[in-house]
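Enquirer: Pasting a predicted model and its sequence here:
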Amino acid sequence: MNANRSVQIAYAIGLVLLLIAPALIYPVLIMKVLCFALFACAFNLLLGYTGLLSFGHAVFLGSAAYITGHALKVWELPTLLGILVGTLGAAGLGWVIGSLAIRRQGIYFAMVTLALSQMVYFFFLQASFTGGEDGLQGVPRGTLFGLDLADDTNLYYLVVAIFVGAFWLIQRTIHSPFGQILKAIRENEPRAISLGYDVAKYKLLAFVLSAGLAGLAGATKTVVFKFATLTDAHWHTSGEVVLMTLLGGMGTVFGPVVGATVIVSLQNELADKVGSLVTVIMGVIFVVCVLAFRRGIVGESIALYKRMIGEKTE
Amino acid sequence: MKLKLIALAVTAALATTAQAQISDKVVKIGVLTDMSGVYSDIAGQGTVEATKLAIEDFKAQAKPDFAIEVVAADHQNKGDVSSNKAREWFDREKVDVITELVTTSTALAVMKVAKEKNKLALISGAASTRITNEDCNDVTVHWTYDTYAVSNGTAKAVVKQGGKSWFFLTADYAFGHSLEKDAAEVVTANGGKVLGAVRHPFPGSDFSSFLLKAQGSGAQVIGLANAGADTMNSIKQAAEFGVTPKQSLAGLLMFISDIHGLGLKTTQTMYMTDGFYWDMNKETRDWSKRYFDKMKKMPTMVQAGMYSAVMHYLKAVKAVGSDDTQKVMAQMKKTPVNDFFAKNGKIRDDGRMVHDMYLVQIKKPEESKYAWDYYNVRATIPAAEAFQPLSASRCPLIKK
């Protein structure tokens, strides 16, 4: 059986599970997981496929959340247009931050993104339209093609559609010639330059794409929860997305999805049972992940699977 | 199931003549609070215990023919966690009322979910006046206090006691600004003078330069328009720099747990407004001792207010024989709140529960005779003056 075929089967199973899931699990929780999964996938596009560690990605989630919230609440735009405005806003911000940050590499790149995102965070804290620490509250969900999105089930399928669409886009990007160049940059940047590629341009494009998709996640999250708060733009969230990506498997397509699912559901389930220990548990998971299975859950599974077929064929 | 269930006795449910109108014969109360973060001291597990005490007392007094259950969860001060949990509780666990909700962002998020699902929200810990103004709705009651009550009460009373010149140390974000603005207006309206203000970043840790500026202003009173750890740090450092006791500090948002944490030596002679003090009279002492036996701490106003809110709610459910949100709310608004926490408290149409507040001055260490003996109650601020008047309300439910 070739790998392509099994991946396709995995997609099909995943999609079916997504469609029937609300019957089994609380839909709002799945929507939250999907938003964070999309966020992690967007982050993975940058870290896993381009080799850029942005430590300020929450700012794109947060800014799109605020822009969409403002667009829906104050400008009263239709829901989809609101989400689009938020996504474009995040992509625009990504262009600004990205074009400054990609001038440096490695740890300096991470620090520049962190510093710029903190600046934006404090802007959100002070700006009047965000409601400061009280958050931008009471964002209407609106309607779509006559369907009332206040109904969780209707909204759920919209969120699934957004997620699947964005996931497909990421998938296409990774496997396109553009994606190949990104991987080449990740593996050996001087070589990519010597082959004649304008590396800075590719990096910036990947950054903007990743920021826009992170923004799409934030915008969708606002519609789901009807508000945007500072938590979305806080550096904790930037750290969380790194954890999700590494835990699931950096540089794998499904890794971030698995990582986000594990982290979000753990936070949701454990929060009531262990209280403040939740952060300690997350820390332990991270340490174990780095020490014992560096490729992440999905990365290790793929390696195991390959070893198994390898054994059989031999 | 998934939640930390704090199961309570359900024997009363066996009564055969249960009122059909109480859905599934169970009244379920969800306590959504900060169990692990910065506000777990002023709210947290203590509010869960206070809720349980209220249920215990209600069962003993009223002998209800419905069961009462409690679920509790940690909202981690995150809006999305609380909103998620609130939806899950209302949709899946048949929770009738969600209580506590410290941190304004979580309170605002949950009261909107409550409105959508037509369930009740009884808020004790959150501070913002937004809850009963711009964002008010008819399923929410803001029970214990708000920034207006604590800052205006303190400012007015301190000016009347002779603290005429003020300088503000303000946390540089929306909450701090509104606290400063509210208090400054009161100071000038009562014949005081505001000499200036200095903004510190939020959260701050080094307040030295700001305090020196405040010291240099020569103001009699330094108003602390900040909260939580910022307030604690500014008070500590004010004592270290010798700002106090020469100039006095006025905490615009403080709790008895802050005093307990800082100690009387650093906080002595400070003024603050509180909604409850355990050592007021026999009633408050009796209840607080019971609370103390469980928590090994005296209750803050948030925790005492929680008892009051839950008790009033349960009485209303019993009186109308239904857990229908609108009926219960109408009954709650109709009846005055009378218990150890509030005397003739009243729920206004904007959702504000108005009751007397107290201006207190922190005792000097030598005045304190026994554990938790911290306050000299200097004045009672009558309910009518303690809270924002309805005429200034920005709540759309209030018709002018």
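Expert: Perfect, I can see it now.
Enquirer: Contact partners for B:Val81?
Expert: Counting by CB atoms under 8 Å, 6 or more residues apart in numbering or on different chains, B:Val81 makes contact with A:267-268, A:271, B:75, B:106. All C-beta spots, glycine's among them, are computed from the backbone N, C-alpha and C.
Enquirer: Now for it, which secondary structure element holds it?
Expert: Using DSSP states H and E, B:Val81 sits in helix B:79-92.
Enquirer: try A:Thr279
Expert: Counting by DSSP H and E, A:Thr279 is part of helix A:277-292.
Enquirer: Name the surrounding residues that touch that helix.
Expert: Against helix A:277-292 from outside (CB under 8 Å, 6+ apart): A:243, A:246-247, A:263, A:266-267, A:270-271, A:274, A:296, B:36, B:76.
Enquirer: So which of those residues is the closest to B:Gly242?
Expert: Nearest to B:Gly242, judged by CB to CB, of the contacts of helix A:277-292 is B:Ser36 at 36.0 Å.
Enquirer: That closest one touches B:Gln76, doesn't it?
Expert: Yes - counting by CB atoms under 8 Å, B:Ser36 does reach B:Gln76; the two are 6.9 Å apart.
Enquirer: Assign residue 309 to helix, strand or coil.
Expert: Picking chain A for this. Recorded secondary structure, A:Ile309: helix (DSSP: H, G, I helix; E, B strand; the rest coil).
Enquirer: Near it, how many other residues are there?
Expert: Residues lying near A:Ile309 (other CB atoms under 10 Å in any protein chain shown) number 12.
Enquirer: Flag every residue of the stretch 201-350 of chain B that's near chain A.
Expert: Residues of the stretch 201-350 of chain B lying close to chain A by CB under 8 Å from any CB of the partner chain are B:Phe202.
Enquirer: Where does the stretch 201-350 of chain B get nearest to chain A, residue-wise?
Expert: B:Phe202 (7.4 Å; CB to the nearest CB).
Enquirer: Quick one, grab the pLDDT at that residue.
Expert: Note on B:Phe202: pLDDT of 76.
Enquirer: Who are the contact partners of residue 262?
Expert: Because you didn't say which chain, this covers chain A. By CB under 8 Å, 6+ apart, the contact set of A:Val262 is A:244, A:247-248, A:297.
Enquirer: Not quite, go with chain B.
Expert: Contacts of B:Leu262 by CB under 8 Å, 6+ apart are B:232, B:235-236.
Enquirer: How about the residues of chain A by chain B?
Expert: Residues of chain A lying near chain B (CB under 8 Å from any CB): A:26, A:28-29, A:32, A:125-126, A:128, A:131-135, A:137-138, A:150, A:152, A:221, A:225-227, A:229-231, A:267-269, A:271-273, A:275-276, A:278.
Enquirer: Let me see the mean pLDDT of stretch A:155-167.
Expert: Rounded mean pLDDT across stretch A:155-167 is 93.
Enquirer: Can you report how many residues lie near B:Asn281?
Expert: By other CB under 10 Å, the residues close to B:Asn281 number 10.
Enquirer: sorry, back to before: from the contacts of A:Val262, which single one is nearest chain B?
Expert: Nearest to chain B among the contacts of A:Val262, with distances taken as CB to the nearest CB, is A:Met244, at 15.4 Å.
Enquirer: Quick check: nearest residue in space to that closest one, chain neighbours excluded?
Expert: Of all residues not flanking A:Met244 in the chain, A:Gly259 sits nearest, at 3.8 Å (CB to CB, 6 or more residues apart in numbering or on different chains).
Enquirer: The helix or strand harbouring A:Ile67 - what's its average pLDDT?
Expert: Element membership for A:Ile67 (DSSP H and E) is helix A:58-73. Here helix A:58-73 scores 94 as its mean pLDDT.
Enquirer: okay, B:Ser36 and B:Gln76: which has more neighbours?
Expert: B:Gln76 (23 against 19).
Enquirer: show me where the stretch 201-350 of chain B has helices.
Expert: For the stretch 201-350 of chain B, applying DSSP state H, counting those that start in this stretch gives helices covering B:208-216, B:228-240, B:256-262, B:264-267, B:282-295, B:301-320, B:325-334.
Enquirer: Could I get the average pLDDT for the shortest one?
Expert: When pLDDT is averaged over helix B:264-267, the result is 89.
Enquirer: Who are the packing partners of it?
Expert: helix B:228-240 (3 or more CB pairs under 8 Å, 6 or more residues apart in numbering or on different chains; DSSP states H and E).
Enquirer: now the helix it packs on against helix B:208-216, angle please.
Expert: Helix B:228-240 and helix B:208-216 meet at an angle of 60 degrees, taking axes from the mean of the first three to the mean of the last three CA atoms, to 10 degrees as the criterion.
Enquirer: Just the buried positions in helix B:228-240, please.
Expert: Using 16 or more other CB atoms under 10 Å in any protein chain shown as the test for burial, helix B:228-240 gives B:228, B:230-239.
Enquirer: Let's have these in JSON lines, adding pLDDT.
Expert: Listed next are the buried residues of helix B:228-240 as JSON lines, based on pLDDT from 0 to 100:
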{"residue": "B:Gly228", "pLDDT": "81"}
{"residue": "B:Asp230", "pLDDT": "88"}
{"residue": "B:Thr231", "pLDDT": "90"}
{"residue": "B:Met232", "pLDDT": "89"}
{"residue": "B:Asn233", "pLDDT": "91"}
{"residue": "B:Ser234", "pLDDT": "92"}
{"residue": "B:Ile235", "pLDDT": "92"}
{"residue": "B:Lys236", "pLDDT": "91"}
{"residue": "B:Gln237", "pLDDT": "92"}
{"residue": "B:Ala238", "pLDDT": "91"}
{"residue": "B:Ala239", "pLDDT": "88"}
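Enquirer: Check which element follows the helix holding B:Val81 along the chain.
Expert: strand B:97-100.
Enquirer: Okay, now the sheet partners of that following strand, with direction.
Expert: Next to strand B:97-100 in the sheet, as set by DSSP bridges, lie strand B:26-33 (parallel), strand B:120-123 (parallel).
Enquirer: hey, which of the ones you listed is tucked in deepest?
Expert: Sort the strands paired with strand B:97-100 by mean neighbour count, taking mean count of other CB atoms under 10 Å in any protein chain shown, and strand B:120-123 sits at the top with a mean of 29.
Enquirer: Show me what the helix or strand that that strand is followed by is packed against.
Expert: Once the chain leaves strand B:120-123, the next helix or strand it forms, by DSSP H and E, is strand B:140-142. Applying 3+ CB pairs under 8 Å, 6+ apart, we find strand B:140-142 packed against helix B:104-117, strand B:120-123.
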